[in-house]
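> sequence first, then the predicted structure, then my questions.
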Amino acid sequence: MATRAIDQSGASTYDLNRDRLATYFDSTAQKAWIDLTSDAPVSGVRATVRAGREAMRSMVLDWLPQDLRRTRVLDAGCGTGAFSVAAACRGAEVTGVDVAAGLVDVARRREPSFVGHGKIRWHAGDMLDPAFGSFGHVVAMDSLIHYREGDLIAALAALAERTSDSILFTFVPRTPLLFAMYHAGKLFPRSDRSPRLVPLVESQLRTRLATALPEWRIARSECVSSGFYTSHAIELVRRG
């Protein structure tokens, strides 16, 4: 099993990043994120990010079964809840969890009064908390993109222990241009800049996944790019 990295202070780098993200999305970025995930007018940069996220969400939804009745789905990093609602409308029993309690409150308020046969339980906390139980499918859309490769692999391994069918996650692909821009911190204007993204090399990621999750295989892999949004989705399914 993959293990979490530890920094010089002895703290888990996953935990440190998680706590930084919770602070950022519950303070500095909360209003911007609420606007981004609504129909509110946004800047040109954010408009491309919004379009990219909508395209990614649609694609990842297409990778799940159309009929999710009697199926538990974990929306790991649910934000303001759009994916959770869409999965519930297919009949899923969704657990929507995010480190940012303020965004989870928005998700609760935005939840429609009727989501078909599905239901949603909202939680503020760590997506890896084993108290949430087991799932048929786990979706981590753009919620692991701020973590080092080792921490991302360890998180997926932890989720795999409680998942029966598939894990869908995204990462930022490391291309020469994107890596240079991210490294310089200039991809977004300063007012739009989020915590540091961690671009990864797909071939290296595939190798590490094969070692850390030998009972799983990559079924689908596809990139979505829209202006200032670039994210790569991978579908992991159990072998056999």
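All right, it came through fine. Numbering: from 1, shown residues only.

> looks to me like Ile153 is in a helix.
Yes. Using DSSP: H, G, I helix; E, B strand; the rest coil, the assignment for Ile153 is a helix.

> elements contacting the longest helix anywhere in the chain?
Secondary structure assigned by DSSP state H gives helix 44-63 as the longest helix of the chain. For helix 44-63, the packing partners by 3 or more Cβ pairs under 8 Å, 6 or more residues apart in numbering; DSSP states H and E come out as helix 30-36, helix 82-88, strand 163-173, strand 216-226, strand 229-238. Bear in mind the C-beta positions are built from the backbone N, C-alpha and C, glycine included.

> at 10 Å instead, please
In this structure, helix 44-63 makes packing contacts with helix 30-36, helix 82-88, strand 135-140, strand 163-173, strand 216-226, strand 229-238, judged by 3 or more Cβ pairs under 10 Å, 6 or more residues apart in numbering; DSSP states H and E.

> got the CA coordinates for the last one in PDB?
This file holds the C-alpha atoms of strand 229-238, laid out as PDB (Å, rounded to 0.1, in the frame of the first residue of the first chain):
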ATOM      1  CA  TYR A 229      -8.500  25.000 -17.400                       C
ATOM      2  CA  THR A 230      -6.500  21.800 -18.200                       C
ATOM      3  CA  SER A 231      -7.300  18.600 -16.300                       C
ATOM      4  CA  HIS A 232      -6.800  14.900 -17.100                       C
ATOM      5  CA  ALA A 233      -9.300  12.300 -15.900                       C
ATOM      6  CA  ILE A 234      -8.500   8.600 -15.200                       C
ATOM      7  CA  GLU A 235     -10.900   5.800 -14.600                       C
ATOM      8  CA  LEU A 236      -9.600   3.000 -12.400                       C
ATOM      9  CA  VAL A 237     -11.600  -0.300 -12.300                       C
ATOM     10  CA  ARG A 238     -11.000  -3.600 -10.400                       C
END
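
> any buried residues in that strand, and which?
Within strand 229-238, the residues that count as buried by 16 or more other Cβ atoms under 10 Å are Tyr229, Thr230, Ser231, His232, Ala233, Ile234, Glu235, Leu236, Val237.

> show me the shaky parts of this structure.
1-11, 176-194 (pLDDT under 70).

> picking up where we left off before, check which element follows the longest helix of the chain along the chain.
strand 72-76 (DSSP states H and E).

> so how far is that next one off the chain centroid?
The chain centre lies 11 Å from the centre of strand 72-76; the measure is Cα atoms, centre = their mean, to the nearest Å.

> that older thread, orientation of the longest helix of the chain relative to strand 135-140 in degrees?
Per axes from the mean of the first three to the mean of the last three Cα atoms, to 10 degrees, the angle that helix 44-63 makes with strand 135-140 is 160 degrees.
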